[in-house]
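Novice: Mind looking at a prediction? Sequence and model below.
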Amino acid sequence: QVVLVESGGGLVQSGGSLRLSCAASGLVFDIYGMAWYRQAPGESRELVSAINVGGTKNVTADSVKGRFTISRDDAKNTVYLQMSDLKPEDTAVYYCNAGTYFSGDYKPRMYWGQGIQVTVSS
């Protein structure tokens with residue numbers, strides 16, 4: 001059974017930082033691309049950032065480029081999202097996903113975490 005568990009969310013003031021972690025089990029972690037998505041109330045789920053197998057390439061949404069950094073530690077079966085200079089518009093539930101990363105394009109698969117709330121106050 002594949003399980004993805006996010007942690008590190010919470011309430012932070014505008015301009016602050018958080019680091020999200022997603023620990024994976026039940027899959028061969030190092031053969032999957034990994035990604036972070038987010039969904040704000042009343043909005044569709046959107047891709048925030050994705051990273052390839054090996055962690056050498058990534059794609060990041062324009063709205064967070066320069067502020068958010070994705071990384072992975074295959075020894076720990078964990079993917080991270082370092083978020084800096086947070087803004088109120090970053091408020092959302094953040095989800096990690098295991099999928100396929102190829103040529104700068106990420107395709108999510110059916111493996112999702114339960115989501116974690118990030119709230120940025122102004």
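Specialist: That came through, no problem.

Novice: lowest confidence element among the helices and strands of this protein?
Specialist: The weakest-scoring helix or strand in the chain, judged by mean pLDDT, DSSP states H and E, is strand 105-112 (a mean of 93).

Novice: Mind listing the strands the longest strand seen in the chain pairs with, and their directions?
Specialist: When the chain is scanned for its longest strand (criterion: DSSP state E), the result is strand 92-102. With DSSP bridges as the criterion, the sheet partners recorded for strand 92-102 are strand 33-39 (antiparallel), strand 105-112 (antiparallel), strand 116-121 (antiparallel).

Novice: quick one: buried residues of the second one?
Specialist: Neighbour counts using 16 or more other Cβ atoms under 10 Å place 106, 108, 111, 112 of strand 105-112 among the buried residues. All C-beta spots, glycine's among them, are computed from the backbone N, C-alpha and C.

Novice: try the first one
Specialist: Going by neighbour count (16+ other Cβ under 10 Å), the buried part of strand 33-39 is 33, 34, 35, 36, 37, 38.

Novice: Show the pLDDT at the third one.
Specialist: The one in question is residue 35. Reading off the per-residue confidence, residue 35 sits at a pLDDT of 98.

Novice: so what's it closest to, chain neighbours aside?
Specialist: Distances taken as Cβ to Cβ, 6 or more residues apart in numbering place residue 50 nearest to residue 35, at 3.7 Å, with adjacent residues excluded.

Novice: The first one now?
Specialist: Take residue 33 and drop its neighbours on the chain: the residue closest to it by Cβ to Cβ, 6+ apart is residue 101, 2.9 Å away.

Novice: State the distance from residue 120 to residue 20.
Specialist: Separation of residue 120 from residue 20 (Cβ to Cβ, to the nearest Å): 13 Å.

Novice: do the same with residue 97
Specialist: Here the distance between residue 97 and residue 20 works out to 13 Å (Cβ to Cβ).

Novice: Thanks a lot, see you next time.
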